[in-house]
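**Q** Output the structure for:
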Amino acid sequence: MSDKTMIYHITTPEDWNGQADSEVYTHISLKEEGFIHCSKAEQIEAVIERYFREVRELLLLQIDPQLLENELKYELSTGNEWYPHIYGSINKGAIVEVKNI
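**A** Residues are numbered from 1 along each chain as shown. Below you'll find the model as predicted:
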């Protein structure tokens, strides 16, 4: 499955700010699972409710898949839905917006 629309990654300000000097963004899931979890726009609310309900401050990274330097795959995941997974770090040039949510 392939989709060239924007994808999104949810993170904390601490995680994002801790990588401010890096040219790439990475997440612990890359080490633990081999990819970075992302969502399509319509999946964001459910992901926040499922995994981030207790987190007070969150950031939403908007990512342009066409600018990614690492492989993007859509894979069947939670709720029998297709989710975008990035197999490698996210080059910051592909992150087109960072906003508080």
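
**Q** per-residue pLDDT, the closest residue to Glu57 other than its chain neighbours?
**A** Closest residue to Glu57 apart from its sequence neighbours, by CB to CB, 6 or more residues apart in numbering: Pro13 at 5.3 Å. Any C-beta I mention is one placed from the backbone N, CA and C, and that applies to glycine too. As predicted, Pro13 sits at a pLDDT of 97.

**Q** cool, Ser22 as well?
**A** 96.

**Q** So it, which state does it fall into?
**A** coil (DSSP: H, G, I helix; E, B strand; the rest coil).

**Q** Tell me who's in contact with it.
**A** Lys92 (CB atoms under 8 Å, 6 or more residues apart in numbering).

**Q** And the helices in the protein?
**A** 13-17, 28-33, 44-51 (DSSP state H).

**Q** didn't the residue nearest to Glu57 look like it was pressed against Leu59?
**A** Yes: the pair Pro13 / Leu59 is scored as a contact, 5.8 Å apart, by CB atoms under 8 Å.
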